[in-house]
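> Take this sequence and fold it.
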Amino acid sequence: MADRVATLDPKLIEPNPDNPRLIFREEELSSLSDSIAKQGILVPLTVYEDGRKFKLLDGERRWRCSLRLGFVSVPVIVQPKPDRMTNIMMMFAIHNARKDWDPLPTALKLEQLEAEYTKRHRINPTETELSGLASISRGEVRRLKKLLKLPVAYREMLLKELEKPRSEQLITVDHVIEAGAGVEALVRKEIITKGQAEPLRRVIIKKFRSGVIDSTVAPRKLANLARAVERKEVSLANAKDAITKLAHDPMYSITAAYKETVEQADFEHGIQQLTDRLLQKLEELNSRGEITNEGLKESLAKLKKILSRMR
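Numbering: from 1, shown residues only. Okay, the predicted model is just below:
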């Protein structure tokens with residue numbers, strides 16, 4: 001059956017069960033309703049026929065607004081009914097250009113698409129194949145799969161947070177992922193035990209909510225601390241003390257822990273790396289003979305003075 005243009009009573013239309021978009025915020029629907037009330041629905045909804053009902057492929061927000069406004073008909077493009085795997089693929093493809101999708105609901109639908117592929121072909125899709133099926137990049141596939149590894153409690157917390165207006169959301173997927181990555185770095189270097197990891201992640205997320213930790217990427221400083229312990233620039237005892245304080249003092253931030261332990265060591269390590277590269281260049285310069293650039297001579301003289309004053 002070819003596509004056809006029609007008008008339908010919106011009450012005959014139902015949401016697509018495979019739409020990766022699960023969150024429809026009130027302020028967004030109110031704004032769109034105001035626009036539709038003045039101008040009508042300018043872009044037809046896309047649907048497929050399913051028995052006596054029609055399922056949406058594109059236009060759920062417009063459909064929801066039409067019900068609010070009491071419309072008795074809406075313009076639609078009717079397409080043939082797809083099988084489930086094709087339906088999920090179409091939903092991804094149709095909405096691929098939309099930048100307002102929330103990542104966690106999208107990840108959950110990607111999981112279902114992967115399951116449908118496995119069911120049909122009896123083999124799991126590769127990352128490249130899944131990328132093609134969902135019309136997204138391999139990097140996005142990896143990011144979404146990382147979300148699927150989150151404990152159920154975090155998924156539920158994030159979905160609940162997504163129901164709030166964006167201006168009121170305190171915790172995002174990125175907060176949870178960054179907190180987890182920072183904590184895992186501490187576990188790998190045995191600064192904390194595996195049993196301490198989850199309680200610490202919960203503490204960090206709580207401090208995100210309260211504003212004690214005000215940067216989403218602050219947990220990356222925990223990885224810096226772990227590397228400093230590995231390089232023996234910070235003692236294991238000092239690192240453990242700082243993390244214990246982070247876990248139990250509600251006003252103690254990751255930045256404070258970083259400053260008290262690794263900031264100076266991290267700074268000196270960066271200087272060491274720069275110095276090593278400079279030495280390599282100076283040796284190369286020395287092999288070329290006499291220096292002719294007067295500006296370079298002045299800079300090297302200043303460097304020599306600074307080095308002579310350093311303890």
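
> Low-confidence stretches in this structure?
Per-residue confidence for the chain (pLDDT under 70) gives these ranges: 1-3, 95-101, 311.

> So which elements touch the helix or strand harbouring residue 267?
Using DSSP states H and E, the element containing residue 267 is helix 263-286. With contacts defined as 3 or more Cβ pairs under 8 Å, 6 or more residues apart in numbering; DSSP states H and E, the secondary structure elements packing on helix 263-286 are helix 220-230. For the C-beta atoms, the positions are set from N, CA and C on the backbone; glycine is no exception.

> Pull out the buried positions in the helix it packs on.
Neighbour counts over helix 220-230 (16 or more other Cβ atoms under 10 Å) mark 221, 222, 223, 224, 225, 226, 227, 228, 229 as buried.

> Residues contacting the helix holding residue 267, please?
Outside helix 263-286, the residues within contact range by Cβ atoms under 8 Å, 6 or more residues apart in numbering are 224, 228, 231, 233, 234, 258, 291.

> Give me the distance from that helix to the chain's centre.
How far helix 263-286 lies from its chain's middle: 34 Å, per Cα atoms, centre = their mean, to the nearest Å.

> how many other residues sit next to residue 301?
9 (other Cβ atoms under 10 Å).

> That one sits in which helix or strand?
Going by DSSP H and E, residue 301 is in helix 294-309.

> Same check on residue 76?
Residue 76 is part of strand 74-79, with elements assigned from DSSP H and E.

> For the next helix or strand after that strand, which residues meet the burial criterion?
Using DSSP H and E, the helix or strand that follows strand 74-79 towards the C-terminus is helix 84-95. Within helix 84-95, the residues scored as buried using 16+ other Cβ under 10 Å are 85, 87, 88, 89, 90, 91, 92, 94, 95.

> Which elements pack onto helix 84-95?
Checking 3+ Cβ pairs under 8 Å, 6+ apart, helix 84-95 ends up next to strand 53-58, helix 103-121, helix 127-134.

> Highest mean neighbour count out of these?
Compared across the helices and strands packed on helix 84-95, strand 53-58 shows the largest average neighbour count, a mean of 20 (mean count of other Cβ atoms under 10 Å).

> now the next helix or strand after that one and strand 74-79, what's the angle there?
The helix or strand immediately downstream of strand 53-58 is helix 60-68, counting by DSSP H and E. Helix 60-68 runs at 140 degrees relative to strand 74-79, counting by axes from the mean of the first three to the mean of the last three Cα atoms, to 10 degrees.

> hmm, who's touching helix 60-68?
With Cβ under 8 Å, 6+ apart as the test, helix 60-68 has contacts from 10-11, 13, 15-16, 19, 21, 24, 28-29, 32-33, 36, 41, 43, 45, 56, 74.

> Buried subset of those residues, written for PyMOL?
Only the buried members of these end up in this PyMOL selection, burial being decided by 16+ other Cβ under 10 Å:
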select buried, resi 10+13+16+19+21+32+33+36+41+45+56+74
